[in-house]
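1. Coordinates for the following, if possible.
(2 chains)
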Amino acid sequence: MTHHSALVFGFNEYAKQIVLQIAGEYTSFAVFVMNDAEKSAAQSAGFEAEIFDLSEDWKSIEERFNIKELIVFCALDNDAENVFLTISLRSMFEDIPIIALAGDHESAEKMKSAGANKVMPILQITAGIIGEMLEKPTVTEVLHDIFYEDSTLKIAQITVSKDSFVVGKHLYDIDWGNEYDVLLLAIVDFQLGATFSFTSRGHNHHIDPDDILVVIGYEDKIAAFSKLMEVSI
Amino acid sequence: MIGRWIVGFAFFIHASPSYRRIKRFFHNLLENPSYPYKKFFDYTMIMLIVISVYILIRHVKHEVSPEWLYFNNYIISFIFLIEYLLRLWLYSDGSKIVIEQYEHDLFLQRPFRWINAFKLALASKRAYVFSLSAMIDLLAIMPFFHELRMLRVFILFRVFKLFRYTKSLTQFISILSSKKFEIFTLGIFAMMIIVVSSVLIYVMEANNPESRINTLFDAIYWSVVTIFTVGYGDFIPVTDEGRMVAMVIIVAGIAVISFATSIVVSAFTEKLDEIKEEKLIEDVSKINQFYLICGYTPLTQQVAHRFNKNGKNVVILERDKQKVVEAQKEGFVALANDSGSLNSYQTLQMDFEKQVIAVILLQESDVLNVYTALTIRELSKKVSILSILHQKENRRKLSLAGINEIVYTQELIGLISKEISGRPVAFEVIHALRSENSGVFIEEIGLDASMADHFLEASKLPLFHKRLIVLGIYKTAESSFCFNPSSTLEIKEGDVAIIIGTRTLIDELKALMYKKGKK
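-> This is a model prediction of the structure:
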């Protein structure tokens, strides 16, 4: 599902960076803050912000945005307030994707229980990055380029169409690297569950329509491969 | 003339690199606890002492072979004599004293008074000679004059020399010496009671024919045995007056013992933290390689846990003692030192070049992190420093302070948010790889010459093919990444391979390349 609108709750330094990063990705987005200080901080950064409180019923969101195309980022300063916001939004909108920030692992678990689809535990993410930068500097550099820099090397998730030539084949029937110059990292096999499996695990999955393939490759090769995936050979 | 000769000789010695080197070597060997060879010297000396005392005991009732006696009387004593002279030599720098005196006289425009310089040099050596440890050393050499049979007892002084070579004994003495005043007071108190009670018991008992206490010595002996609550029973008071004295002295004895016990216990309690810290510093100096984290915050906990999980050592420096206690409770090696102070690193005797893999600055402000980075840069230009950035506008300041890697969490979260909303599955996959909890790992292998030759060939073997993903080769010389390398790619020594697979397969590939390299 493609999301065209985004809501960001809070305007601390984390929320500001989220807004800066996603601003260009969505056709419309709004910033909701809890006090005047955050509102003026958002305005001085060039973003319009609206004040809300945690007791709102969020009907205004329903009126302003197409809920099916909406994604929400909960980035309030206080973990308890963030959990309450998440649970309030989930109680109103069952299917809306919610991405929430959590101070630590303990809060992250509460966010998940409150209904967040993805939780970013700040401490664990930062510790992971610090460890990786020192122990695997080359891996960090390469992954950083793939994800965040203007590199032609990209990571993509491709959904297998009904007519695709890969349907009915096993993962190891295809030499992805040699034939298409892309590397298959993982597959979401919906017949086995909604979570992904690494190809390196050694399970020879049967590829079905709607499975998701996570591949790494050069932009043009991924584009060519995506196109090829739509047709049967 | 003599003065000129002495000054010339002093300057020659002072400037001589070989003389300095030799003196430094012996100083390290005898005095520097962090010198790696000192322990071998200490063990040798302890062994000689043990041999010496064993021979003394054996010689009481048995014959000891002349070779062993010769060894004990001459060789061991000679070694101790050499040690004594070396310590005397190391205690002060005679040439420096002479030069200082010469320069002093020169400044005051008067002739060099070499006799004064000589006296000063001698005085400095005399201070050593009359120190307790030096006197024990000297007495331990006495059995050298073995013809004087009585002097053999001086072998026992060699046991006291053990204090020099065993740290725990030295610590024990230093703890007790911190309570000198209390011990002195206790000594006076005990002596007063002994004197008074001895005189009293002598007066009460000496003229009684039934009493065995007949001399003043008997009375003193009885007092000492009673006051220290031993009570052999070989001398007992028989008169009522004598028994009254005994009752008083028994109560006083309990007071003396309690007082003595409390002194020792309180001395140990007061010094306990210090001893623990010294032990910790010693332990840290023994760790071969570790990550040094400055500042104990919740993030420090996470980072340290991650490194510990991967089998890496971590040492935490934090000036807040309360936080240090928390860190130690979590099982980390944490020291209560200010990471921004040069003095801390000197106290810890930290070798940045050899011991520290990288420094991680996680203190709660950019100001402290910059200050610490500058302190560390004074000590080492090479060590890698990573710092957390709190305020975006301070990034350049951190770079200028010599920090190699800067982590700005807020920006990182922004970038991740973008990815997580755009490509959630792809992001999850990479996140799982990075978190190392999924059983599949992304690893980098630095390739040496032989590994570079065999890497691609090995990775294409049926065991690895399709199950181990070779993401690419990082060409170090060109600073470029070659994705999905073909078998024709030229890999050079120093290039880095990035692979994705299970731990078993990655280890198997490494082992295979190692074997091929050996062949």
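
2. Show me where chain A has its helices.
-> Applying DSSP state H to chain A gives helices spanning A:13-22, A:36-44, A:59-64, A:79-92, A:105-114, A:122-135, A:137-148, A:176-180, A:219-229.

3. Spell out whether the fifth one and chain B are in contact.
-> No: no part of helix A:105-114 sits near chain B under the criterion C-beta under 8 Å from any C-beta of the partner chain; the closest distance found is 8.6 Å. The way it works is simple: take the backbone N, C-alpha and C, and place the C-beta from them, glycine included.

4. Flag every buried residue along that helix.
-> Neighbour counts over helix A:105-114 (16 or more other C-beta atoms under 10 Å in any protein chain shown) mark A:S107, A:A108, A:K110, A:M111, A:K112, A:A114 as buried.

5. and the helices of chain A, which is most packed in?
-> Comparing those by mean neighbour count (mean count of other C-beta atoms under 10 Å in any protein chain shown), helix A:13-22 ranks first with a mean of 23.

6. That one - what's its average pLDDT?
-> The average pLDDT within helix A:13-22 is 90.

7. quick one, phi psi at the spatially closest residue to B:A449 that is not a sequence neighbour?
-> Among residues not flanking B:A449 along the chain, B:E493 sits closest, at 4.3 Å (C-beta to C-beta, 6 or more residues apart in numbering or on different chains). Here is the backbone geometry of B:E493 (degrees, to the nearest 10): phi -60, psi 130.

8. can you count the residues close to B:E493?
-> Using other C-beta atoms under 10 Å in any protein chain shown, B:E493 has 14 other residues around it.

9. Domain parsing of chain B, as residue ranges.
-> Using automatic domain parsing, the domain parsing of chain B gives B:2-165, B:180-272, B:287-407, B:439-518.

10. Quick check: pLDDT value at B:A401.
-> pLDDT recorded at B:A401 is 95.

11. scratch that, B:I155 is what I was asking about
-> 68.

12. low pLDDT regions in the stretch 51-200 of chain B?
-> For the stretch 51-200 of chain B, applying pLDDT under 70 flags the ranges B:143-155.

13. rewinding a little: out of the domains of chain B, flag the one nearest A:Y26.
-> Comparison of the domains of chain B against A:Y26 by C-beta to C-beta identifies domain B:287-407 as nearest, at 23.3 Å.

14. can you tell me the residue of chain A closest to chain B?
-> A:Q17 (2.9 Å; C-beta to the nearest C-beta).

15. May I have the helix or strand of chain A with the lowest mean pLDDT as PDB, with CA atoms only?
-> Within chain A, confidence by mean pLDDT, DSSP states H and E is lowest for helix A:59-64 among all helices and strands, at a mean of 80. What follows is helix A:59-64 as a C-alpha-only set of coordinates in PDB (Å, rounded to 0.1, in the frame of the first residue of the first chain):
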ATOM      1  CA  LYS A  59     -12.100  13.000  14.100                       C
ATOM      2  CA  SER A  60     -10.500  16.000  12.400                       C
ATOM      3  CA  ILE A  61      -7.800  13.700  11.000                       C
ATOM      4  CA  GLU A  62     -10.500  11.600   9.400                       C
ATOM      5  CA  GLU A  63     -12.000  14.700   7.900                       C
ATOM      6  CA  ARG A  64      -8.700  16.100   6.500                       C
END
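
16. can you map out the helices along the stretch 151-300 of chain B?
-> Secondary structure of the stretch 151-300 of chain B by DSSP state H, counting those that start in this stretch: the helices cover B:156-160, B:162-165, B:167-177, B:180-205, B:216-227, B:240-286, B:298-309.

17. try the stretch 351-500 of chain B
-> Under DSSP H, counting those that start in this stretch, the stretch 351-500 of chain B gives helices at B:366-379, B:395-400, B:409-422, B:424-435, B:449-459.

18. Check which helices and strands the third one sits against.
-> Which is helix B:409-422. helix A:13-22, strand A:70-74, strand A:98-102, strand A:118-121, helix A:122-135, helix A:137-148, helix B:424-435 (3 or more C-beta pairs under 8 Å, 6 or more residues apart in numbering or on different chains; DSSP states H and E).

19. Flag every buried residue along the last one.
-> Residues of helix B:424-435 classed as buried: B:P424, B:V425, B:A426, B:F427, B:E428, B:V429, B:I430, B:H431, B:A432, B:L433, B:R434 (neighbour count, 16+ other C-beta under 10 Å).

20. Report the rounded mean pLDDT for it.
-> 82.

21. picking up where we left off before, pretty sure the residue nearest to B:A449 contacts B:D453?
-> No: contact between B:E493 and B:D453 fails when scored by C-beta atoms under 8 Å: they sit 9.1 Å apart.

22. which SS class is B:R319?
-> coil (DSSP: H, G, I helix; E, B strand; the rest coil).

23. Let me know the distance separating the nearest residue to it once chain neighbours are set aside from chain A.
-> Of all residues not flanking B:R319 in the chain, B:D338 sits nearest, at 4.4 Å (C-beta to C-beta, 6+ apart). B:D338 sits at a distance of 22 Å from chain A (criterion: C-beta to the nearest C-beta, to the nearest Å).

24. check contacts around B:D338.
-> B:L317, B:R319, B:S344 (C-beta atoms under 8 Å, 6 or more residues apart in numbering or on different chains).

25. hang on, B:A334 in a strand?
-> Yes: looking at B:A334 with three-state DSSP, it is inside a strand.

26. I figured it was touching B:Q328, is that so?
-> Yes: B:A334 is within contact range of B:Q328, at 5.3 Å (criterion: C-beta under 8 Å).

27. For those two, indicate the residue with more neighbours.
-> Using other C-beta under 10 Å, the more surrounded residue of B:A334 and B:Q328 is B:A334, with 25 against 17.

28. Okay, and the beta partners of the more buried one?
-> For B:A334, the beta-bridge partners under DSSP bridges are B:I316.

29. For B:K466, the count of nearby residues, please.
-> Look at B:K466: counted by other C-beta under 10 Å, it has 18 neighbours.

30. residues contacting it?
-> The neighbours of B:K466, taking C-beta under 8 Å, 6+ apart as the test, are A:Y172, A:D175, A:T199.

31. Can you tell me how far the last one is from B:E444?
-> When C-beta to C-beta, to the nearest Å is the yardstick, A:T199 and B:E444 sit 20 Å from each other.

32. same deal with A:I67?
-> From A:I67 to B:E444 the distance is 44 Å (C-beta to C-beta).

33. Spit out the contact partners of the residue of chain A closest to chain B.
-> B:Q410, B:E411, B:I413, B:G414, B:L415, B:S417.

34. could you dump the residues you listed to a markdown table with pLDDT and neighbour count?
-> Listed next are the contacts of A:Q17 as a markdown table, based on pLDDT from 0 to 100; neighbours: other C-beta atoms under 10 Å in any protein chain shown:
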| residue | pLDDT | neighbour count |
| --- | --- | --- |
| B:Q410 | 92 | 20 |
| B:E411 | 91 | 19 |
| B:I413 | 90 | 24 |
| B:G414 | 90 | 22 |
| B:L415 | 87 | 16 |
| B:S417 | 88 | 29 |
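
35. returning to what we had before: comparing A:T199 and B:E444, which residue is more hemmed in?
-> A:T199 (25 against 19).

36. Identify the residue nearest residue 84 in space, chain neighbours excluded?
-> Answering for chain A, as no chain was given. Leaving out its chain neighbours, the residue that sits closest to A:F84 by C-beta to C-beta, 6+ apart is A:L54, at 5.4 Å.

37. try again with chain B
-> Per C-beta to C-beta, 6+ apart, closest to B:Y84 is B:D137, 4.8 Å.

38. would that neighbour count as being in a strand?
-> No: counting by three-state DSSP, B:D137 falls outside a strand, being helix.

39. shouldn't it be in contact with B:R87?
-> Yes: using C-beta under 8 Å, B:D137 is in contact with B:R87, at 7.0 Å.
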